[in-house]
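Trainee: Fold the following and give me the result.
(one chain, ligands or ions: 2)
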Amino acid sequence: MSSEPNCVFCRIIRGEIPATIVHRGDACLAFLDIQPLAPGHTLVVPTPHYPTLDGMPGELVGEVASVLPRLGSALIRVTGATGFNVLINNGPDAGQVVPHLHIHLIPRSAGDGLGFRWNVRGYQPGEADRLAESLRRALAGG
Ligand code: AMP
Ligand code: ZN
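Mentor: Ligands and ions are numbered 1, 2, ... in the order given. Have a look, this model is predicted:
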């Protein structure tokens, strides 16, 4: 996969539409989200077009993610936030709207009113063990 003609993030990468760029790396581009949840809300996107995380080579994920500590520290220093969320909406049912994988960095501070609904549930007896066993087998199979 490389570049998609009509993908909005590929178009930003190709310089066809404007973006407020924060960082340009070999494997990724970071720019400000056009509809920020907080000042400094940044998107980090791999330069090649991949729709979702599960289709990406691990090495590329590593390269893209390697900018996160430095970028997160810069966001804290510059925005005055005291923390940040790192978020991937992976797939439409997970809230992904732009089908070019991107990592959200969302600056956070106490009382900012942002948050997630964690509607937690438990496991039936044995359910977690069976699930973990299936996952181990799936991982072993590639
Ligand atoms: P997601 O729901 O994870 O797919 O998020 C897509 C994000 O991309 C949203 O937060 C949008 O505000 C942002 N976005 C869409 N188009 C642009 C653009 N042209 N420049 C910057 N951010 C954008
Ligand atoms: Zn793309």
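Trainee: name the helices or strands packed onto the longest helix belonging to the chain?
Mentor: Longest helix in the chain, counting residues (DSSP state H): helix 127-140. Judged by 3 or more CB pairs under 8 Å, 6 or more residues apart in numbering; DSSP states H and E, helix 127-140 is in contact with no other helix or strand. Every C-beta, even on glycine, is put in place using the N, C-alpha and C of the backbone.
Trainee: So which bits of it are buried?
Mentor: Residues of helix 127-140 include none that count as buried (16 or more other CB atoms under 10 Å).
Trainee: what is the rounded mean pLDDT of that helix?
Mentor: Mean per-residue pLDDT for helix 127-140: 97.
Trainee: so how far is it from its chain's centroid?
Mentor: 25 Å (CA atoms, centre = their mean, to the nearest Å).
Trainee: Can I get it as PDB, trimmed to CA atoms?
Mentor: Taking Å, rounded to 0.1, in the frame of the first residue of the first chain, the C-alpha atoms of helix 127-140 are listed here in PDB:
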ATOM      1  CA  GLU A 127     -14.700 -17.500  29.900                       C
ATOM      2  CA  ALA A 128     -11.400 -15.500  30.300                       C
ATOM      3  CA  ASP A 129      -9.300 -18.600  30.200                       C
ATOM      4  CA  ARG A 130     -11.000 -19.900  27.000                       C
ATOM      5  CA  LEU A 131     -10.700 -16.500  25.400                       C
ATOM      6  CA  ALA A 132      -7.000 -16.200  26.300                       C
ATOM      7  CA  GLU A 133      -6.300 -19.700  25.000                       C
ATOM      8  CA  SER A 134      -8.000 -18.900  21.600                       C
ATOM      9  CA  LEU A 135      -6.000 -15.700  21.400                       C
ATOM     10  CA  ARG A 136      -2.700 -17.600  22.100                       C
ATOM     11  CA  ARG A 137      -3.600 -20.000  19.400                       C
ATOM     12  CA  ALA A 138      -4.500 -17.300  17.000                       C
ATOM     13  CA  LEU A 139      -1.200 -15.500  17.700                       C
ATOM     14  CA  ALA A 140       0.800 -18.700  17.300                       C
END
